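J.: okay, sequence plus prediction incoming.
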Amino acid sequence: MFTRKWTARSAFHQLNRDYIIELAQEASGFTPGHPKFLGALQNATTKLWKALAPEDREEYSQAAKDWSEKAPPKHIQSRYVLVNLLTACASYLFAILFA
């Protein structure tokens, strides 16, 4: 079973990920993976989130509630698992190489 506590903002980010990444790259001049890209990614997410109408935010709140109670869509689950797997592998390799 896929378990995670989702927020409206995190559901918004996942559902608009490609557009948010594009905006962050344009704003920062860096690609994903670069430390300076992360700040731009958060800024882009915040900017778009704040621009949403309350009824649009409510849709993301409902998605977050549904995802937390059941599970997110399969494509979100797959991406989430892949990112966490890669992070875990990188941490493991770092520990082996620099221990």
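T.: Happy to help now that I have it. Keep in mind that this is a model prediction, so the values were computed, not measured. Numbering: from 1, shown residues only.

J.: which residues sit against the helix or strand containing T87?
T.: Following DSSP states H and E, one finds T87 within helix 74-98. Helix 74-98 is contacted from outside by 2, 4, 14-15, 17, 67, 71-72, using C-beta atoms under 8 Å, 6 or more residues apart in numbering. (C-beta placed from N, C-alpha, C; glycine too.)

J.: how about the helices in this protein?
T.: Assigned by DSSP state H, the chain shows helices spanning 8-15, 17-28, 35-51, 54-69, 74-98.

J.: list of residues touching the second one?
T.: In other words, helix 17-28. Contact partners of helix 17-28, identified using C-beta under 8 Å, 6+ apart, comprise 13, 31-32, 34, 36-37, 39-41, 43-45, 47-48, 79.

J.: C89 and R79, how far apart?
T.: From C89 across to R79, the span is 16 Å (C-beta to C-beta, to the nearest Å).

J.: and these two? which has more neighbours close in?
T.: Applying other C-beta atoms under 10 Å to C89 and R79 shows that R79 carries more neighbours, namely 14 against 10.

J.: okay, the more buried one: pLDDT?
T.: Per-residue pLDDT puts R79 at 77.

J.: L97 too?
T.: Note on L97: pLDDT of 84.

J.: same check on Q42?
T.: Q42 carries a pLDDT score of 94 in this model.

J.: what of E22?
T.: For E22, the predicted pLDDT is 96.

J.: ok now the helix or strand bottoming out on mean pLDDT in the chain, how far from the chain's centre?
T.: One helix or strand of the chain scores below all others by mean pLDDT, DSSP states H and E: helix 74-98, with a mean of 79. Once both centres are worked out by C-alpha atoms, centre = their mean, to the nearest Å, helix 74-98 turns out to sit 14 Å from its chain's centre.
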